[in-house]
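Chemist: Sequence and predicted structure below; questions after.
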Amino acid sequence: MIYAVTIFIDKSVEKEWCRWMVEHHIPNVLSTKLFLGCRMMKSLNSCKDGSKSAYRMQYVLSGKDKLEEYEERFAGEMRAEANLLFAGKFEAERDVLEVLREF
């Protein structure tokens, strides 16, 4: 199972946000021990007006129960921190994907 988070971040804070994600946020998410790993990717397609960059994090889970626990115990606090640091500078989209097959 994949918990996919896409972030559209203003280019004015992109470097600061990337540093925070790599050094702080992703390690904190993984420290919950609910995820098996994470991939961080940057879209090579620019946003429509060019003012934002798009990033996607793919957090790997062993099951839906792990995501539910994350949402109940940790997500609110972690999202609040992102909103405090980067208020008005990003938009987030979240999705849950079931892996059907790997080739």
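Modeler: Now that the structure is in, tell me what you want to look at.

Chemist: Take the biggest helix by length in the chain, keep the C-alpha atoms, and write them as PDB.
Modeler: The residue-count maximum for a helix in the chain (DSSP state H) belongs to helix 76-86. Provided in PDB are the C-alpha atoms of helix 76-86 (Å, rounded to 0.1, in the frame of the first residue of the first chain):
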ATOM      1  CA  GLY A  76      -2.600  16.300  12.800                       C
ATOM      2  CA  GLU A  77       0.600  17.500  14.600                       C
ATOM      3  CA  MET A  78       2.800  16.900  11.600                       C
ATOM      4  CA  ARG A  79       0.400  18.800   9.300                       C
ATOM      5  CA  ALA A  80       0.100  21.700  11.900                       C
ATOM      6  CA  GLU A  81       3.900  22.000  11.800                       C
ATOM      7  CA  ALA A  82       4.000  22.300   8.000                       C
ATOM      8  CA  ASN A  83       1.200  24.900   8.100                       C
ATOM      9  CA  LEU A  84       3.100  26.900  10.800                       C
ATOM     10  CA  LEU A  85       6.300  26.900   8.800                       C
ATOM     11  CA  PHE A  86       4.900  27.300   5.300                       C
END
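
Chemist: Pairing partners for the helix or strand just after it, with directions?
Modeler: Scanning forward in sequence from helix 76-86 by DSSP states H and E, the next helix or strand is strand 90-97. In the sheet, strand 90-97 lines up against strand 2-10 (antiparallel) (DSSP bridges).

Chemist: Contacts made by the strand it pairs with with the rest, please.
Modeler: For strand 2-10, contacts defined as Cβ atoms under 8 Å, 6 or more residues apart in numbering pick out 17, 35, 47, 51-61, 67, 70, 86, 89-99. (C-beta placed from N, C-alpha, C; glycine too.)

Chemist: Sketch out the low-pLDDT regions of the chain for me.
Modeler: 46 (pLDDT under 70).
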